[in-house]
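Asks: what's the 3D shape of this:
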Amino acid sequence: MAGSKDQARMAAAGFTVLDDEDYWEESKVSSFKNMFDDEEEGFTVLGVSENKAARLSSALRSTVGADNLFADEDNDDITWETSSNISSSSSHGSIPSSEYRSARYTPPTNRSSSMSAASNRSTAGSVSLSSSQDNSLSAQFSKPRITRSEPMSIEDAIIDVPAKQVSATEVSKLETEIQFLRRQVQLGERARWTPLPVKETVKRIILGQPYSLEPYKSLEDKLALLDAAIRMHDGDAITITVLFLKKTVKKTIFQHELIKRPVAINHLIYFLNCHYDLDELEELYKMLRRMEDVFVLKYKQALAPSKAAGRAQSIAAAVRSFQHDSSLAPDSTLLLEQCTLLQRQLQIEEEDKKIAASGKHPVFRDHPPKAHLPLNPLTTTLYYCSFYHYNESDSSLSSPLSIKRDFQISDKQFTWCALSALAKLHRWKEIEALLTSKNWFGGTKMRACIGFEKVVDILSKQKAPVDILSKYLAYIEDPNERLSLAAKHKCHKVVVDTLIQLKDRSALEDYRLKTPDYSLERQYLITALNNSQIKWKN
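Replies: The predicted structure is shown next:
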């Protein structure tokens, strides 16, 4: 039954059993390049001989119908060219192989080009299939449509997309829109040179909307624009209008009008400072006759060099430019002192390098300098000289006394710096000599211009012995302050003496527990408690 059904289908398709057997006996699948490996002689297309192509085409046309076979938008032409035209009287739709000489595959093109190519081929004497036959053969032998994995080019996109038919209504609508846009452009060009009200322009500046200052040509309009910005109290608007006025009017007119508006001056100064336009800022200060501001600006520029030598020269040049201005004499004196200090620091450091290299100075050997001296403040320089050159004569540049004299350092500043340096070196004798002063009658007296409270604090930070601290605690006049500091630093003898002075027996008895057992301080405290001559308050 199955065999009879197959034979019926083959008969309906136009095949006979003999044709089918001959066809499959002759075909051998040897490779994918030639699917039909025919032994017959003749030209082949895509591995199919002329006879096999004719039989396949005839069978497909008879089964599906030549008009509906693989109707496709693409027109792929396969032309079998011969020396004579093919007779259209073939009743079975087959094309005799003896009529063909060659076959040519034409790649897909657009509809018009394939039609013109077909007409040209028929005119030249070539044989072309009908349009339905072309579509059927192109569907059989054309390359499969490949989905593009890469973006299409503009040319391919234009070719693939069919042209859209535009109606007359749409054309009229587009022309109307073009005319409207042209009118808008013309209005915009005319409005560009038509000034808006100054208030409206300033409002646009504040709100960040598009604006133009070019239409304002006259001086009155520009000043009105600046005044409107000042009334709005917006800094950006004021700065923009001031810069516009500066750019578009003469320098003398700009200066004359700017002096009348202090708010505009302040905003312009801030703008120039932020943009580091120092030359123009200096010129503006001179125009306003603000010489102190010019002096400060010059001083800031003089501090730009990072090296001490270059900075000293810059400061000296800045001072020379203002030496004839009597109003700036005090400021010039301070700058001269700074320049002198820089030069002195350079000389001291150069000499100290030689001393440290020799290795003979004990302080330089035990405490080598960890930083450079130049560009440091005056108090740091004094501390440095007190640390390394305390005992030098006042004729030496590195002597602390000469620095005190030349730079008019106060006694408190000198005592603080010298005491800190000597305490770090544990030079207690020099400290005692520093704090000893002579009176008119040749006597000596301990005196500390910074207060003995500060003296004790400095010495305790440098871990001075208890007897040294007790010595200077005794010179504190306030007994309560002395008692507090003595208890803090555990100077027991000073605490006992202060409590005896205050005649506070109960506090002395309580403090006895804080003293070490069998110590001299404990014995001294017990002796004081047993002294009947002391009149205690409690």
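Asks: give me the neighbour count for Leu422.
Replies: For Leu422, the count of nearby residues is 23 (other Cβ atoms under 10 Å). Glycine gets a C-beta too; all of them are placed from N, C-alpha and C.
Asks: quick check: pLDDT value at Gln7.
Replies: Note for Gln7: predicted pLDDT of 52.
Asks: which element is the closest residue to His492 other than its chain neighbours on?
Replies: Once flanking residues are discounted, His492 sits nearest to Glu521: 3.7 Å by Cβ to Cβ, 6 or more residues apart in numbering. Take DSSP states H and E as the rule and Glu521 turns out to sit in helix 520-530.
Asks: can you pull the buried residues of the helix of greatest length in the chain?
Replies: Longest helix in the chain by number of residues (criterion: DSSP state H): helix 329-358. For helix 329-358, the neighbour count (16 or more other Cβ atoms under 10 Å) marks 331-332, 335, 338-339, 341-346, 348-349, 352, 355-356 as buried.
Asks: where in the stretch 151-300 of the chain is pLDDT low?
Replies: 151-164, 191-192 (pLDDT under 70).
Asks: show me where it has helices.
Replies: Remark: helices assigned in the stretch 151-300 of the chain by DSSP state H, counting those that start in this stretch are 154-160, 168-192, 198-207, 219-232, 235-248, 251-259, 262-274, 278-288, 291-302.
Asks: Serialize those to a markdown table and add fields for mean neighbour count and distance to Gln323.
Replies: Shown next, in a markdown table, are the helices of the stretch 151-300 of the chain (neighbours: other Cβ atoms under 10 Å; distance: least, Cβ to Cβ, whole Å):
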| stretch | mean neighbour count | distance to Gln323 |
| --- | --- | --- |
| helix 154-160 | 10 | 76 |
| helix 168-192 | 10 | 55 |
| helix 198-207 | 17 | 46 |
| helix 219-232 | 18 | 39 |
| helix 235-248 | 18 | 32 |
| helix 251-259 | 14 | 27 |
| helix 262-274 | 16 | 26 |
| helix 278-288 | 15 | 17 |
| helix 291-302 | 17 | 12 |
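Asks: now those in JSON lines, with distance to Arg447?
Replies: Formatted as JSON lines, these follow (distance: least, Cβ to Cβ, whole Å):
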{"stretch": "helix 154-160", "distance to Arg447": "98"}
{"stretch": "helix 168-192", "distance to Arg447": "84"}
{"stretch": "helix 198-207", "distance to Arg447": "67"}
{"stretch": "helix 219-232", "distance to Arg447": "62"}
{"stretch": "helix 235-248", "distance to Arg447": "58"}
{"stretch": "helix 251-259", "distance to Arg447": "58"}
{"stretch": "helix 262-274", "distance to Arg447": "50"}
{"stretch": "helix 278-288", "distance to Arg447": "50"}
{"stretch": "helix 291-302", "distance to Arg447": "39"}
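Asks: how much space separates Lys300 from Val263?
Replies: For Lys300, the distance to Val263 (Cβ to Cβ, to the nearest Å) stands at 25 Å.
Asks: typo on my end, it should be Arg290
Replies: Arg290 sits 16 Å away from Val263, going by Cβ to Cβ.
Asks: re the thing from before, just the mean pLDDT for the helix holding Glu521, thanks.
Replies: 88.
Asks: by contact count, what packs against that helix?
Replies: The contact analysis (3 or more Cβ pairs under 8 Å, 6 or more residues apart in numbering; DSSP states H and E) places helix 520-530 against helix 492-502, helix 505-511.
Asks: what residues sit buried inside it?
Replies: In terms of neighbour count (16+ other Cβ under 10 Å), helix 520-530 has its buried residues at 521-522, 525, 528.
Asks: now do stretch 371-385
Replies: Neighbour-count burial for stretch 371-385 [16+ other Cβ under 10 Å]: 373-374, 376, 378, 381-385.
Asks: one more: stretch 404-413?
Replies: Those buried within stretch 404-413 under the rule 16+ other Cβ under 10 Å are 404, 409, 413.
Asks: next step: those restricted to helices.
Replies: 404, 413.
Asks: out of the buried residues of stretch 404-413, which comes closest to Lys173?
Replies: Lys173 lies nearest to Gln413 out of the buried residues of stretch 404-413, by Cβ to Cβ, at 90.6 Å.
Asks: now that closest one, nearest residue through space, not along the chain?
Replies: Once flanking residues are discounted, Gln413 sits nearest to Thr379: 6.4 Å by Cβ to Cβ, 6+ apart.
Asks: how far away is that neighbour from Ile403?
Replies: Taking Cβ to Cβ, one finds Thr379 at 10 Å from Ile403.
Asks: then Pro305?
Replies: Where Ile403 is concerned, Pro305 sits at a distance of 24 Å (Cβ to Cβ).
Asks: neighbour count: these two, which is higher?
Replies: Ile403 (25 against 14).
Asks: distance check, that one against Leu328.
Replies: For Ile403, the distance to Leu328 - Cβ to Cβ - is 26 Å.
Asks: check contacts around the residue lying closest to Ile526 once chain neighbours are set aside.
Replies: Distances taken as Cβ to Cβ, 6+ apart place Arg512 nearest to Ile526, at 7.4 Å, with adjacent residues excluded. For Arg512, the contacting residues are 522, 525-526, 529, by Cβ atoms under 8 Å, 6 or more residues apart in numbering.
Asks: could those go into JSON lines alongside distance to Gly188?
Replies: Output for the contacts of Arg512, formatted as JSON lines (distance: Cβ to Cβ, whole Å):
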{"residue": "Arg522", "distance to Gly188": "103"}
{"residue": "Leu525", "distance to Gly188": "102"}
{"residue": "Ile526", "distance to Gly188": "107"}
{"residue": "Leu529", "distance to Gly188": "106"}
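Asks: ok, so of those, who is nearest Phe295?
Replies: Closest to Phe295, out of all of the contacts of Arg512 and judged by Cβ to Cβ, is Leu525, at 65.9 Å.
Asks: distance of the closest one from Pro516?
Replies: Between Leu525 and Pro516 the computed distance is 11 Å (Cβ to Cβ).
Asks: same check, this time on Gln184
Replies: According to Cβ to Cβ, Gln184 and Pro516 sit 102 Å apart.
Asks: which of the helices and strands packed on helix 520-530 sits most buried?
Replies: helix 492-502 (a mean of 21; mean count of other Cβ atoms under 10 Å).
Asks: could you tell me the angle between that one and helix 520-530?
Replies: Put simply, helix 492-502 runs at 20 degrees to helix 520-530, going by axes from the mean of the first three to the mean of the last three Cα atoms, to 10 degrees.
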